[in-house]
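Enquirer: have a look; sequence and predicted model below, questions after that.
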Amino acid sequence: MTPGRVRVDALRGAVVVVAGAGVSGRAAARALVDLGASVTVTDAVPERLVDLPDGVRAGVESDPLPSGTSLVVTGPGRRPDHPLTQAGVPVVGETELAWWLGAAREDPPAWLVVTGTNGKTTATQMLEAVLLAAGTDAVACGNIGHAAVDAVRAGHPVLAVELSSFQLHWSPSIRPAAGCVLNVAEDHLDWHGSMDAYVAAKARALLGPVAVAGIDDARAAGLLAAAPTGRRVGVTLGEPEPGELGVIDGVLVDRAFGDGLVELVDAAALHPGGPPGLPDALAAAALARAHGVGPDAVRAGLTGFRPGRHRAEPVAVRAGVTWVNDSKATNPHAAAASVAAVPPGSPVVWIAGGLLKGASVDDLVAHHRTRLRAAVVIGADRSEIVAALARHAPEVPVSEVPAGDDDPMTTAVRRAATLARPGDVVLLAPAAASMDQFRDYAARGDAFAAAVAALPEGPA
């Protein structure tokens with residue numbers, strides 16, 4: 001069960017369980033102890049219950065909740081059908097607790113929220129860069145690796161908040177000053193149980209006064225049209241209508257927040273550019289403009305921005321073959337954008353696979369079959385990708401790295417090297433999560449880069 005917003009002063013003396021000892025769980029535990037709550041932290045992996053914050057007890061996740069428990073604050077990974085949700089105690093996420101903490105302040109922070117299946121982190125980081133260029137005391141937080149609770153407690157007046165569908169599900173009270181849905185495609189269906197539930201979670205980002213969405217994406221456009229908000233703003237790679245941001249003659253422009261048409265920045269000056277990066281930049285600009293940021297700061301923030309690692313990151317050119325690490329492409333929608341971003345004259349040797357989370361790769365393969373020189377497939381759900389290639393691209397050679405390989409990425413890279421020709425791009429765009437074989441997407445990307453570096457010089 002989920003509660004309405006709780007007054008944080010009511011947590012003094014309350015018995016609270018924090019489920020999950022990761023970054024967000026530890027941040028929540030520290031905040032709750034400082035509020036005077038009696039806090040127990042549990043984790044599905046007991047070995048993580050070390051060096052807990054002062055005043056916190058370690059508990060066993062499979063045990064019944066402590067007597068008198070009035071609230072559970074869960075990490076985002078626990079599904080709606082987790083046993084914790086059956087105990088009759090309200091369950092919320094760390095970002096919901098952050099919202100309560102902010103609402104208790106005399107001057108609550110402004111939440112500018114970004115969600116979507118693909119591009120959330122880049123758009124959030126771009127938004128932070130623009131806000132900082134405007135001289136705003138702002139910080140990126142949420143699903144980006146910096147807990148929202150910590151950002152609120154630090155006193156930042158403006159938060160650029162990346163929220164996953166998990167976090168939105170567990171945060172029923174959040175009403176951002178402006179929120180954006182970049183796009184919506186199949187992802188995390190194993191967690192939500194259905195596409196409808198996944199879409200409904202994303203829609204929660206559009207419950208505040210200003211709703212922004214990528215209207216080139218049909219599902220996101222539908223959510224924007226249905227948003228119960230005072231102002232709807234679309235972003236498009238085409239020429240914008242009044243009330244939208246878009247692109248005219250290679251320039252990002254605003255027809256929503258200025259007087260007529262306001263030029264913001266040349267598209268050629270942006271990194272990343274093209275179809276993967278421009279929608280993120282437009283969304284960041286829209287959220288910043290909704291907060292009152294001027295066009296000069298938008299231009300300065302976006303032109304100075306550089307994406308983080310593992311996002312379409314070139315790692316080497318060897319024997320005429322370009323090797324690109326896009327390990328952050330953890331779902332088919334992101335992988336499709338990654339393949340589309342490769343220059344048309346360069347065939348792609350695609351390294352893919354991992355945990356598909358209930359998503360299908362059929363559309364990706366069918367749409368980009370002519371771009372593929374070959375595919376190398378790894379991971380727990382590799383059979384689904386191999387089957388999709390057989391259905392939609394039977395002419396594409398496929399090399400499958402079997403289960404039990406002690407170093408699957410090295411094997412995949414060596415096989416890709418034998419399949420690639422000068423002028424090709426070997427693209428790690430897995431379309432899947434990494435945790436079946438790697439700690440996270442960054443470890444997967446690092447393994448790819450290391451395996452490429454270890455290839456012998458000269459032709460394969």
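Expert: That came in fine, so what should we check first? Note that this is a predicted model, so its numbers are computed, not measured.

Enquirer: the longest helix along the chain: how far from the chain's middle?
Expert: Counting residues, the longest helix found in the chain (DSSP state H) is helix 274-290. Centre-to-centre, helix 274-290 and its host chain are 15 Å apart (C-alpha atoms, centre = their mean, to the nearest Å).

Enquirer: equivalent analysis for stretch 361-376, please.
Expert: 23 Å.

Enquirer: quick one: contacts of it?
Expert: Stretch 361-376 has contacts (C-beta atoms under 8 Å, 6 or more residues apart in numbering) with 332-333, 335-336, 339-340, 342, 347-352, 384-385, 388-389, 391-393, 395-401, 412, 415-416, 419-421, 424, 431. Using the backbone N, CA and C atoms, a C-beta is placed for each residue, glycine as well.

Enquirer: and stretch 243-259, by the same measure?
Expert: 215, 232-242, 261-268, 270, 278, 281-282, 285-286, 289-290, 295, 302.

Enquirer: look up how far residue 454 lies from the nearest residue to residue 453 once chain neighbours are set aside.
Expert: Distances taken as C-beta to C-beta, 6 or more residues apart in numbering place residue 316 nearest to residue 453, at 6.9 Å, with adjacent residues excluded. Using C-beta to C-beta, to the nearest Å, residue 316 is found at 11 Å from residue 454.

Enquirer: those two: which is more packed in?
Expert: residue 316 (15 against 10; other C-beta atoms under 10 Å).

Enquirer: mind pulling up the pLDDT for that one?
Expert: Residue 316 carries a pLDDT value of 94.

Enquirer: cool, residue 458 as well?
Expert: 54.

Enquirer: also residue 284?
Expert: Value listed for residue 284 in the pLDDT field: 98.

Enquirer: now the buried members of the contacts of stretch 361-376.
Expert: 332-333, 335-336, 339, 342, 347-352, 384-385, 388-389, 392-393, 396, 398-401, 412, 415-416, 419-420, 424, 431 (16 or more other C-beta atoms under 10 Å).

Enquirer: give me the common contacts of residue 316 and residue 454.
Expert: Common neighbours of residue 316 and residue 454 (C-beta under 8 Å, 6+ apart) do not exist.

Enquirer: for residue 187, give me its contacts.
Expert: 117, 165, 198, 331-333, 357, 359.

Enquirer: make it 6 Å
Expert: By C-beta atoms under 6 Å, 6 or more residues apart in numbering, the contact set of residue 187 is 117, 331, 359.

Enquirer: quick check: pLDDT value at the first one.
Expert: Just to be clear, that refers to residue 117. The model reports residue 117 with a pLDDT of 90.

Enquirer: what is the neighbour count of it?
Expert: By other C-beta under 10 Å, 26 other residues sit near residue 117.

Enquirer: what's the answer for the last one, then?
Expert: Using other C-beta under 10 Å, residue 359 has 27 other residues around it.

Enquirer: moving C-terminal of the lowest-mean-pLDDT helix or strand in the chain, what's the next helix or strand?
Expert: Of all helical and strand segments in the chain, the minimum by mean pLDDT, DSSP states H and E falls on helix 189-192, at a mean of 85. Reading on from helix 189-192 to the C-terminus, the next helix or strand found by DSSP states H and E is helix 195-203.

Enquirer: now the helix or strand following that next one, how far from the centre of its chain.
Expert: With elements assigned by DSSP H and E, the helix or strand that comes after helix 195-203 is strand 210-214. Chain-centre distance of strand 210-214: 17 Å, with C-alpha atoms, centre = their mean.
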